[in-house]
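S.K.: After the sequence you'll find the predicted model.
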Amino acid sequence: METEILSRRENPLLDRVEIEFRMRHPSEPTPTRDALREEIAKVAKGKKDLVIIDRVNSDFGRPETTGYAKVYKNKDKILSVERKHILIRNGLLKPEKKPEKKKPEPKKEAPAEPAKKEPEAEKKRPKAAKKKPEAAETKPDKESKEG
């Protein structure tokens, strides 16, 4: 694996060195964060435990990976500055397990009373539809009265 430093910046306020890098890995798959941390530690002459890989980008079909790493001077500073999910990704913290929600037990119902049986004759009989009165029967025609 060949490592190339694209930019290196000292950050005295946060007590770290910020590095943008490109790694070429022609005969290997995309390296893991752990392997990247080791390579950056060699280049920056630091310890692997003090290196944080913030982001990594690898294009499909290209044997190179670019990224952004931070090399700290002490571990206390890492824990106070870095975001929790980044520490978990880099293996410096263990993820918290959320307590499992208890599934509610199904309610035991009393045996239901059998439904009342309707006589079959009543079931099959269609309901009678209401008839609308016809207009001719209710209203006499004007012509029939006159003629």
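M.R.: Great, that's in hand.
S.K.: okay, CA-based contacts and neighbour counts for the rest of this
M.R.: Fine.
S.K.: can you give me the helices for this structure?
M.R.: Using DSSP state H, the helices of the chain run over 33-44, 75-81, 84-89, 120-124, 135-138, 142-146.
S.K.: list the helices and strands the third one packs on?
M.R.: Spelled out, it's helix 84-89. If you count contacts as 3 or more CA pairs under 8 Å, 6 or more residues apart in numbering; DSSP states H and E, helix 84-89 packs onto strand 51-58.
S.K.: tally of neighbours for the closest residue to Thr66 other than its chain neighbours?
M.R.: Closest residue to Thr66 apart from its sequence neighbours, by CA to CA, 6 or more residues apart in numbering: Arg22 at 4.3 Å. Using other CA atoms under 10 Å, Arg22 has 20 other residues around it.
S.K.: Same question for Lys107.
M.R.: Neighbours of Lys107 under the rule other CA under 10 Å: 6.
S.K.: Now the phi/psi pair for it, please.
M.R.: Here is the backbone geometry of Lys107 (degrees, to the nearest 10): phi -70, psi 140.
S.K.: Can you tell me how far it is from Glu100?
M.R.: Remark: distance between Lys107 and Glu100 (CA to CA, to the nearest Å) = 21 Å.
S.K.: Same check on Ile5?
M.R.: Per CA to CA, Ile5 is found 45 Å from Glu100.
S.K.: Quick check on those two: which one has the bigger neighbour count.
M.R.: Shown here are Ile5 and Glu100; by other CA under 10 Å, Ile5 has more neighbours (15 against 6).
S.K.: Ignoring the adjacent residues along the chain, who's closest to that one?
M.R.: Leaving aside its sequence neighbours, Ile5 sits nearest to Phe21 (CA to CA, 6+ apart; 4.5 Å).
S.K.: How about the contacts made by that neighbour?
M.R.: For Phe21, the contacting residues are 3-7, 66-69, by CA atoms under 8 Å, 6 or more residues apart in numbering.
S.K.: now with 6 Å?
M.R.: By CA atoms under 6 Å, 6 or more residues apart in numbering, the contact set of Phe21 is 4-6, 66-67.
S.K.: I'd like the residues you listed laid out as JSON lines, including distance to Val43 and pLDDT.
M.R.: Output for the contacts of Phe21, formatted as JSON lines (distance: CA to CA, whole Å; pLDDT from 0 to 100):
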{"residue": "Glu4", "distance to Val43": "9", "pLDDT": "92"}
{"residue": "Ile5", "distance to Val43": "8", "pLDDT": "93"}
{"residue": "Leu6", "distance to Val43": "12", "pLDDT": "94"}
{"residue": "Thr66", "distance to Val43": "15", "pLDDT": "95"}
{"residue": "Gly67", "distance to Val43": "14", "pLDDT": "95"}
